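>>> Quick one, fold the following:
(2 chains)
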2 protein chains.
Amino acid sequence: MKTAITPTRAENFSDWYQNLIVAADLAENAPVRGCMTIKPYGWAIWELMRDEMDKRIKACGVQNANFPLLIPIDFFNKEAEHVAGFAKECAVVTHHRLKMIDGKLQPDPDSKLTEPYIIRPTSETIIGEAMSRWVKSYRDLPLKLNQWVNVMRWEMRPRMFLRTSEFNWQEGHNVFATHEEANADAKKMHKLYGDYMREVLAIPSIMGEKTPEERFAGADHTYTLEHITQDGKALQAGTSHDLGQHFSKSFGIQYLGTDGKLQYAWTTSWGTSTRMMGSLFMIHSDDDGLILPPAIAPYQIVIIPISRDENEDELNKFAENLAGQLREQNIRVLVDTSDMRAPDKMWKWIKRGVPLRVEIGAKEMDAKTATITRRDLGKDSKKTISDKELLDTAKDILNQIQHDMLAAVEERNKKMITEVSSLDELDKALRSGKIGFFKIKYELTKSEDFEKMMDAYKISRRCLDEKDPSYVYVAKSY
Amino acid sequence: MKTAITPTRAENFSDWYQNLIVAADLAENAPVRGCMTIKPYGWAIWELMRDEMDKRIKACGVQNANFPLLIPIDFFNKEAEHVAGFAKECAVVTHHRLKMIDGKLQPDPDSKLTEPYIIRPTSETIIGEAMSRWVKSYRDLPLKLNQWVNVMRWEMRPRMFLRTSEFNWQEGHNVFATHEEANADAKKMHKLYGDYMREVLAIPSIMGEKTPEERFAGADHTYTLEHITQDGKALQAGTSHDLGQHFSKSFGIQYLGTDGKLQYAWTTSWGTSTRMMGSLFMIHSDDDGLILPPAIAPYQIVIIPISRDENEDELNKFAENLAGQLREQNIRVLVDTSDMRAPDKMWKWIKRGVPLRVEIGAKEMDAKTATITRRDLGKDSKKTISDKELLDTAKDILNQIQHDMLAAVEERNKKMITEVSSLDELDKALRSGKIGFFKIKYELTKSEDFEKMMDAYKISRRCLDEKDPSYVYVAKSY
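Numbers count the residues shown, from 1 in each chain, chains lettered A, B, ... in the order given. Have a look, this model is predicted:
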């Protein structure tokens, strides 16, 4: 059977993913090393994702702000682990003027900065410096800040949405009086992310703490959400860090306690990015293209009038009328009246993953019906219903799609987790080509043998099991 | 009389402005040359401004997208006027790694880029390159794109919100088949900006075309909105450019016409930025602080319970109940139950410009009344009304404030525009210390004498008169 995307997932998952992005018109590689351009359809999805996330973050009493893009090298240098983690992959600004030299536009040597800047790879340092001035007494705590910005990490092996040199994200930075509060906050944002991904993106997460080996550079505890892709790899979709006093000590974030004594505060940071979109696309799509959960679909319903010259106006009017009534229910609807052929329109919106497709021809118009097809279930779900029934049940159908998409991934994930009781068993499984997550005693991974397997099979520790942290999940990863 | 902001506007307008920003907790200078940190209260204002602008832009059929932060120098070099306009003030990225050298973290020489990048000062070039691939036939036109991003221009004399090295903005980039459509579009977005500033920011604009001397680098026509500040200077608040075929020819944006012939397209670009916030603050505020138009005030109403220990709970409950009913009308309300003294709270919200202040003490609670004060009119507007009347009229009061704020600026602006019939008359007026805009025949400014006056008085041509383009407005500017 011909599929819209070639190669198929089974044939070559990696190429399928790249072609999916092109076919759904989401993004393209930019003429800037490792960077991408997010096209209007992709950005519309991100805006919906961002707005819903922003609402949930604000409901926690977090305030948005905006900190500078550039970070003085000197700041970056204040937290040793942090430097080690990011110095190898950052964009460095060294000049502030261009000049024509030998017929070529080049950095003007006279504009060389005495202190270079780096483009933020993350903002713990510059926000830490601000916090050291903004926090004075226990009355100023907790202070909860977030920003939606672009960051940059020089990527040697970029891949659209998953790993690009520049990406968009939200980074939250909170300060507390005690370690208990900070740690509870890191866990709270971790849970917020988990709920969001489940309820909005229809993606269940493997949630847990990173092992010390895998922690964020400068954190005491890192809580992560790991998604399982269709090809059985792990995709880190969001992290939340209990930073202890690393940054408060490096930047002097101190507060006067109720006891009148000056003490160091405790900070957290937590972030999710456009990487979530990569996860969304990889997890829900099929060989015909994208499948979007209704919650973040720019168009939840597309209506395609299948007209002939003689009935085009009448049919479009019928379709627009239906769309108007659906929009009154706050459903995002597009009526595709472009001059493409109907089958081309159909495929266009299949590839772009619109949750519900409504086709209306002369027959439907005369009978006051509509032929509907769910994107997630495909043509087996095709049926003709009365226009009244469509109006009455559209919301329910969309909710059902949202629900079923989550359930489908949950079902698939069950087969993607294998418990193994020894390194030997793990080795056998990996050698036999078994994909997915492997649950194993964490102790067993603290060995040279495991280190060797990490290299050989390109696996890594994803996170400790939330219920029993003596176990760790191990997988190949994006 | 003591004022909340010192010095006052009359004493030192420039220092007043800086102190206003601090007093209202809007922003602060960042530890990065020429950059600022926008604090939560300032950012909340920007989010409201941005969301309303975004809605209006999308209503024009424009789609948001996201293009890279970095621009290859080579791209930048393709449009000669554009280079000349921006090469002198840009941040240049030359390395992609840091290294510890002589005990100091420095750009790693081994990571030097063969082709440096500049941080976008504006995105005509990188978007032009994308358009050259996205536009193929007349069917792809018009193509209307916008992005909300940060840009960077190295500023030697930075001033918060008005002129900072990094700033946030929206930049729209549209492509059309004909020059007529492109020029009409530039004018349409110009009008959209004018309406927005009038209806949302309560600021009337002097609108018109820039003279050739003042055009955007690479434009055929630049339409500008100039605001008149309280100290009589011009503040350029938004521009819209008819770029002719400058960028379509530099980047090869061509389309196959209905006649089957390949031809160059016509482009526009149009932008507004956080600079509008500087205008907003400078134009509406007084010696007691900010005055915000209700349309973009994070809190439109603040309720201050003036309690004693014995009635605190009861009073807060009364206030919260009132707030709840106001929120049901979609009014943004804050009940300030913090443990500051009531007069301190009052001043805090005066300085932050909340449009309507509601004070409730034991007396008010018992009588089921509230004492209200309009921020724009000050204590003369203070009156006690029943809580029922407050609930019934709150929306109207806020609308009235929005209306009156615009009217007040319109009234003030009338005195700020002086028509002069000769350079001599202009010279006399400026020498006598007269402030504001001067309307003069454009022909008269095309002279050496005027050039000299530009230097001597630091004045510039702001724009041609929209009704009679043989006249130009001249003023000192921010």
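
>>> Pick out the least confidently modelled helix or strand of chain A, by mean pLDDT.
helix A:80-86 (a mean of 82; mean pLDDT, DSSP states H and E).

>>> can I get the CA coordinates of that one in CSV?
Taking Å, rounded to 0.1, in the frame of the first residue of the first chain, the C-alpha atoms of helix A:80-86 are listed here in CSV:
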residue,chain,number,x,y,z
ALA,A,80,32.6,25.2,38.1
GLU,A,81,30.4,22.2,37.1
HIS,A,82,28.2,24.5,35.1
VAL,A,83,31.2,25.7,33.1
ALA,A,84,32.3,22.2,32.5
GLY,A,85,28.8,21.3,31.2
PHE,A,86,28.4,24.1,28.8
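
>>> Identify the residue spatially nearest to the residue in the stretch 351-478 of chain A positioned nearest to chain B, adjacent ones excluded.
Closest residue of the stretch 351-478 of chain A to chain B, C-beta to the nearest C-beta: A:R352 (13.9 Å). Using the backbone N, CA and C atoms, a C-beta is placed for each residue, glycine as well. Nearest residue to A:R352, sequence neighbours excluded (C-beta to C-beta, 6 or more residues apart in numbering or on different chains): A:A24, at 4.9 Å.

>>> Show me how far stretch A:325-341 is from its chain's centre.
Here stretch A:325-341 is found 27 Å from its chain centre; the criterion is C-alpha atoms, centre = their mean, to the nearest Å.

>>> let me redo that: stretch A:65-84
Distance, stretch centre to chain centre, for stretch A:65-84: 24 Å (C-alpha atoms, centre = their mean).

>>> isn't the residue nearest to A:R352 right up against A:L292?
No - shown here, A:A24 and A:L292 do not form a contact pair, counting by C-beta atoms under 8 Å, at 9.1 Å.

>>> residues shared between the contacts of those two?
Taking C-beta atoms under 8 Å, 6 or more residues apart in numbering or on different chains as the contact rule, A:A24 and A:L292 both touch A:352-353.

>>> Could you check which of these two is surrounded by more residues?
A:L292 (28 against 25; other C-beta atoms under 10 Å in any protein chain shown).

>>> and that one, helix, strand or coil?
coil (DSSP: H, G, I helix; E, B strand; the rest coil).

>>> and the gap between it and A:R332?
11 Å (C-beta to C-beta, to the nearest Å).

>>> Check A:E79 too.
44 Å.

>>> Between those two, point out the one with more neighbours.
A:E79 (22 against 18).

>>> Can you name the residues that contact the more buried one?
A:124-125, A:218, A:246-247, A:250.

>>> Repeat the analysis, applying 6 Å as the threshold.
Taking C-beta atoms under 6 Å, 6 or more residues apart in numbering or on different chains as the criterion, A:E79 is in contact with A:218, A:246, A:250.

>>> Can you name the element that comes right after the helix or strand hosting the last one?
Meaning A:S250. Following DSSP states H and E, one finds A:S250 within helix A:246-251. Going down the chain from helix A:246-251, the next helix or strand is strand A:254-256, by DSSP H and E.

>>> re earlier: does chain B have contacts with the least confident helix or strand of chain A?
No - against chain B, helix A:80-86 shows no contacts by C-beta under 6 Å from any C-beta of the partner chain, the least distance being 6.8 Å.

>>> Can you give the distance from that helix to the centre of its chain?
On the basis of C-alpha atoms, centre = their mean, helix A:80-86 sits 24 Å off its chain's mean C-alpha point.

>>> Any chance you could list what contacts it?
A:77, A:121, A:217-218.

>>> Report the buried residues of it.
Neighbour-count burial for helix A:80-86, counted by 16 or more other C-beta atoms under 10 Å in any protein chain shown, picks out A:82-83, A:85-86.

>>> average pLDDT across the helix or strand following it?
On the C-terminal side of helix A:80-86, the closest following helix or strand by DSSP H and E is strand A:92-95. On average, the pLDDT along strand A:92-95 is 98.

>>> if we can go back for a sec, what's the separation between the residue nearest to A:R352 and chain B?
14 Å (C-beta to the nearest C-beta, to the nearest Å).

>>> List the residues that contact that residue.
Residues near A:A24 by C-beta under 6 Å, 6+ apart: A:289-290, A:351-352.

>>> count of residues packed around the residue nearest to A:D220 when sequence neighbours are not counted?
Nearest residue to A:D220 in three dimensions, chain neighbours excluded: A:G244, at 3.7 Å (C-beta to C-beta, 6+ apart). Neighbour count of A:G244, defined by other C-beta under 10 Å: 19.

>>> what do you get for A:R357?
21.

>>> Next one, pLDDT for it please.
We have a pLDDT of 98 for A:R357.

>>> A:T373 is in contact with that one, correct?
Yes - assessed by C-beta atoms under 6 Å, A:R357 is found in contact with A:T373 at 4.7 Å.

>>> A:N174 looks like it's in a helix, true?
No - counting by three-state DSSP, A:N174 is not part of a helix but strand.

>>> gap between it and chain B?
13 Å.

>>> What are the neighbouring residues in contact with that residue?
Applying C-beta under 6 Å, 6+ apart, the residues near A:N174 are A:142, A:144, A:185, A:268.

>>> Repeat the analysis, applying 10 Å as the threshold.
A:60-62, A:131, A:141-146, A:181-182, A:185-186, A:188-189, A:243, A:265-270 (C-beta atoms under 10 Å, 6 or more residues apart in numbering or on different chains).

>>> Could you check the pLDDT of it?
98.

>>> With A:M1 instead?
A:M1 is given a pLDDT of 66.

>>> ok, now the one 10 residues further on?
What the model reports for A:E11 is a pLDDT of 97.

>>> Just give the number of residues close to it.
12.

>>> Can you name the residues that contact the closest residue to A:R327 other than its chain neighbours?
In this structure, A:R327 finds its nearest non-sequential neighbour in A:V333, 5.6 Å apart by C-beta to C-beta, 6+ apart. For A:V333, the contacting residues are A:299-303, A:319-320, A:322-327, A:354, A:356, A:358, A:394, by C-beta under 10 Å, 6+ apart.

>>> Angles on the backbone of A:V333, please.
phi -120, psi 140 (degrees, to the nearest 10).

>>> That one bridge partners, please.
Beta bridges link A:V333 to A:I301, judged by DSSP bridges.

>>> how much space is there between it and B:D313?
From A:V333 to B:D313 the distance is 49 Å (C-beta to C-beta).

>>> Contact partners for the residue nearest to A:V92 when sequence neighbours are not counted?
In space, and not counting its chain neighbours, A:V92 is closest to B:H95: 4.1 Å by C-beta to C-beta, 6+ apart. B:H95 makes contact with A:90-94, A:116, A:118, A:154, B:106-113, B:116, according to C-beta under 10 Å, 6+ apart.
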